[in-house]
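>>> have a look at this prediction, sequence included:
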Amino acid sequence: MINVQTAQQLVVSHSTITSKTQEVELNEAVSFILAKDVTSAIDMPPFRQSAMDGYALHLGESNTYSLLCEIKAGDATVPVLKTGDAVRIFTGAPVPKTANTVVMQEKVTVNGDEIRINDILEIDKNIRPKGEQIKSGEIALTKGTIMKGAHIGFLSSLGVTTVTVYQKPVITVIVTGNELVSPGKKLGLGEIYESNGAMLTAVLHELGYTNTTLLKVVDDYNRTQSVLQNAIDKSDIVLVTGGISVGDYDFVGKALNALNVDEIFYKVNQKPGKPLYFGKKEKVSIFALPGNPAAALSCFYIYVYPLLKIFEGANHPQLTRIKMPLSSDYLQRGDRAQFLKAKVWGESVQILGGQSSAMLSAFGDANALVYIPEKISELRKGALVDTILLPAK
């Protein structure tokens with residue numbers, strides 16, 4: 001059995017970036033990762049631009065200015081101002097070349113075609129210079145950027161319509177167990193509703209991984225081997241839940257061994273998720289996650305998520321990890337490292353109830369996992385702990 005740090009390092013060292021890329025429409029690029037730098041073809045802003053509603057002035061000796069006209073956003077005709085001239089101007093409108101300041105409207109008294117300034121005037125105040133945000137030829141977004149809504153807006157403002165991204169992996173999720181019944185059917189004695197497959201595919205879809213297939217297999221060695229072989233042949237990443245322990249009816253490990261999958265590690269000194277398996281067959285990555293739902297989801301975020309991001313070429317594949325003070329005392333049982341469902345509240349983090357590896361309900365409220373290293377038995381309120389922020393839902 002290995003420790004958490006070693007397991008994480010092994011996942012990273014055995015992860016590779018896909019060589020497959022595609023061009024997508026910008027408005028469809030959310031959650032994809034850029035495979036090429038994006039360079040701006042224009043200055044942004046493309047002209048001197050007013051930062052607010054007010055009056056553009058060509059500074060003179062007096063606080064009184066002649067009001068010529070108004071300029072609103074989108075106007076193409078802009079007058080030339082002489083010393084002592086002013087124009088009414090609106091946010092985003094082009095500033096005349098000879099104007100050298102913009103005064104906010106609250107600081108101006110208007111009297112017909114004359115205005116009086118009730119403020120101390122400063123050169124270039126409230127004027128956004130041409131190319132202030134980015135200049136033509138500069139890199140707007142770098143290769144490896146995970147595309148978000150703000151990135152879409154930024155590139156749209158530069159006139160970009162398509163981007164080159166890494167293709168997302170083909171993923172197969174396999175759930176195992178004779179006891180599993182699909183929701184909607186009546187439960188018999190000893191049966192439970194299947195949730196891991198629904199949970200993992202839903203989380204994958206939330207993260208933008210829609211090229212996902214869900215398969216189910218009963219506890220039978222030959223059928224388990226056949227389903228695994230088919231999944232490995234057609235996938236980049238295979239996620240299995242259940243059947244990885246050493247019981248008489250746990251066939252996943254035996255089947256993977258028979259398929260000549262290279263075992264990278266099996267069992268991690270952690271709670272939840274001790275019976276975690278990671279292996280490789282050529283370029284295909286295989287995780288066998290614990291059968292308990294909360295353990296499976298914890299292992300997904302800690303080990304599978306960074307592998308997915310590395311596959312797509314992300315610059316920063318790990319979930320964000322910060323130090324935060326605990327909102328209350330915590331007493332740890334056992335000597336394994338722990339990943340605890342938690343919620344960040346303001347300036348502190350609260351460890352939630354319902355930490356059993358079989359209980360998913362607390363994950364619905366969680367927006368973080370608190371990592372407690374092995375051999376730490378007690379933490380006081382205010383102690384700084386590693387807080388892993390979960391992807392926003």
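Great, that's in hand.
>>> where in the protein is pLDDT low?
Within the chain, the ranges that satisfy pLDDT under 70 run 245-249, 393.
>>> domains in it, by residue range?
4-19+168-311, 21-43+132-166, 49-128, 321-389 (automatic domain parsing).
>>> need the winner for burial among those.
Here the criterion is mean neighbour count by mean count of other C-beta atoms under 10 Å, and of these the winner is domain 4-19+168-311, at a mean of 18. For glycine as for every other residue, the C-beta is placed from the backbone atoms N, C-alpha and C.
>>> how far does that domain stretch from start to finish?
21 Å (C-alpha to C-alpha, to the nearest Å).
>>> and the contacts of stretch 379-392?
The contact list for stretch 379-392, computed with C-beta atoms under 8 Å, 6 or more residues apart in numbering, reads 206-207, 301-302, 305, 319-330, 332, 339, 342, 344, 349, 366-372.
>>> and what of stretch 291-300?
176-177, 195-196, 199-200, 203, 239, 241-245, 272-273, 276, 287, 289-290, 339, 341, 355-360, 362-363, 369.
>>> and for stretch 80-92?
Against stretch 80-92 from outside (C-beta under 8 Å, 6+ apart): 49-62, 64-73, 79, 95-99, 102, 115.
>>> repeat the analysis, applying 7 Å as the threshold.
49-58, 60, 62, 65-73, 79, 95-99, 102, 115 (C-beta atoms under 7 Å, 6 or more residues apart in numbering).
>>> send me it as CSV with only the CA atoms.
The C-alpha coordinates for stretch 80-92 follow below in CSV (Å, rounded to 0.1, in the frame of the first residue of the first chain):
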residue,chain,number,x,y,z
VAL,A,80,-11.7,68.1,-33.7
LEU,A,81,-11.6,70.1,-30.5
LYS,A,82,-9.8,73.4,-30.1
THR,A,83,-8.6,74.6,-26.8
GLY,A,84,-11.6,75.3,-24.6
ASP,A,85,-13.9,73.1,-26.5
ALA,A,86,-15.9,70.2,-25.0
VAL,A,87,-18.3,67.4,-26.2
ARG,A,88,-20.9,65.4,-24.3
ILE,A,89,-19.6,61.8,-24.4
PHE,A,90,-20.9,58.4,-23.3
THR,A,91,-19.2,55.3,-22.0
GLY,A,92,-17.5,53.4,-24.8
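>>> from memory G243 sits against V252, does it?
Yes: contact status for G243 versus V252: in contact at 3.9 Å, counting by C-beta atoms under 7 Å.
>>> overlap in contacts of these two?
Shared contacts of G243 and V252, defined by C-beta under 7 Å, 6+ apart, comprise 176, 224.
>>> quick revisit: okay, and which of the contacts of stretch 80-92 map to strands?
49-50, 54-57, 65-71, 102, 115 (DSSP state E).
>>> what's the closest of these to V165?
Nearest to V165 among these, counting by C-beta to C-beta, is Q49 at 31.0 Å.
>>> strands of the stretch 251-393 of the chain, residue ranges please.
262-266, 270-271, 277-281, 284-289, 321-325, 330-331, 337-345, 348-351, 368-372, 378-379, 384-389 (DSSP state E, counting those that start in this stretch).
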